[in-house]
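Peer 1: Attaching a predicted model along with its sequence, questions to come.
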Amino acid sequence: MIIRFLGTAAFEGIPSLFCRCELCAKAKAAGGKEIRSRTSVMLDDDLKIDFPPDTFMHMVRDGLDLERIQDLVFTHSHSDHLYAEDLAARLPGYAQSLAHPIQVYANDAVLVRIKQTLDFNGGLQGKFVLSRVKAFERLELQTAVVVPLPASHDPIETCLLYYIEKGGKAILYGHDSGWFPDETWAWLQDKKLDLAVLECTMGRSDYRQSHMNIEAVLETKQRFDEYGMLNPGAGIVVTHFSHNAQLSHTDLTEIFEPHGIRVAYDGMNLELP
């Protein structure tokens, strides 16, 4: 299985629109791994998590065929994870797309936003099937088995993490979230992971409620180790970075590599053999 890290930034992107901070200026000058678009991943070519406003750029940059997507899973409705207007581009009159519907799995807030947007453009028209997910409910998708888990993120929305079994591998997709809720830790305690994807939006800040900071990431790894959750050779990857943390890719790598944690960058492909 190949995990494609399409974007690795928080809402603002790096460099951020309108921003003149030191990190954004350095990112503009350096380019490469310092440029971060809004966060999303693809597992192989058929399972996508979130649909940010940078999806068009991801498609062009990485040569993606979005018509290979079978399942589209959402963590929550914030605009850096859901740009429903671009989903309308698959409808008749906008695209000559294939006949199969993309199966969409999400919470209520995401589904309402998608349905409102598509209804304005003529409805689902057989191009999407919308399914509401519930925390801890095991779902057999076309491409994988997933279990939504409660996140600690937006107090007025049921934001979700995902435990994913695909291709004989087990992955925890662990953001957007601060320190995981107790019920999520309880469910994960006896699981064995081949990969954990975490976030580090807050950098060196002491805040860890709706997003993680460096300390929370390291403590999460420690909890994984205490529970024996990581299979031999399993990895941890951090993503979803904010320019406000003022940490470059080089800075983040220097912080996390000594702990065996890999720092994602836009366009990074990670293979799980």
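Peer 2: Yes, it's here. Residues are numbered from 1 along each chain as shown.

Peer 1: Can you tell me which residue is spatially central in the protein?
Peer 2: Centroid-nearest residue in the chain, with Cα atoms, centre = their mean: Ser40, separated by 4.4 Å.

Peer 1: And for stretch 211-230, what's in contact with it?
Peer 2: 10, 153, 174-180, 185, 188-193, 196, 198-208, 236, 238, 240, 255-256, 259-261 (Cβ atoms under 8 Å, 6 or more residues apart in numbering). Where C-beta positions appear, they are placed from N, C-alpha and C, glycine not excepted.

Peer 1: Dump stretch 246-256 to CSV, restricted to CA.
Peer 2: C-alpha atoms of stretch 246-256 as CSV (Å, rounded to 0.1, in the frame of the first residue of the first chain):
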residue,chain,number,x,y,z
GLN,A,246,7.4,29.2,13.0
LEU,A,247,9.0,25.8,12.4
SER,A,248,10.5,25.0,9.0
HIS,A,249,10.6,21.4,7.6
THR,A,250,14.3,21.3,8.6
ASP,A,251,13.3,22.5,12.2
LEU,A,252,10.6,19.8,12.4
THR,A,253,12.9,17.1,11.2
GLU,A,254,15.6,18.0,13.7
ILE,A,255,12.9,17.8,16.5
PHE,A,256,11.2,14.6,15.5
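
Peer 1: quick check, distance from the longest strand belonging to the chain to the centre of its chain.
Peer 2: Counting residues, the longest strand found in the chain (DSSP state E) is strand 230-239. Here the centre of strand 230-239 is set off from its chain's centre by 16 Å, with Cα atoms, centre = their mean, to the nearest Å.

Peer 1: ok, it: who's next to it in the sheet?
Peer 2: Next to strand 230-239 in the sheet, as set by DSSP bridges, lie strand 193-199 (parallel), strand 261-263 (parallel).

Peer 1: what stretches of the chain score poorly on pLDDT?
Peer 2: Applying pLDDT under 70 to the chain flags no residue at all.

Peer 1: Give me the phi and psi for Cys24.
Peer 2: phi -60, psi -40 (degrees, to the nearest 10).

Peer 1: Hmm, Ile14 and it touching each other?
Peer 2: Yes: look at Cys24 against Ile14 with Cβ atoms under 8 Å: they come within range, at 6.6 Å.

Peer 1: Tell me which of the two has more neighbours.
Peer 2: Ile14 (27 against 21; other Cβ atoms under 10 Å).

Peer 1: Hmm, that one is touching Asn244, no?
Peer 2: No: in terms of Cβ under 8 Å, Ile14 does not count as a neighbour of Asn244; the distance is 9.8 Å.
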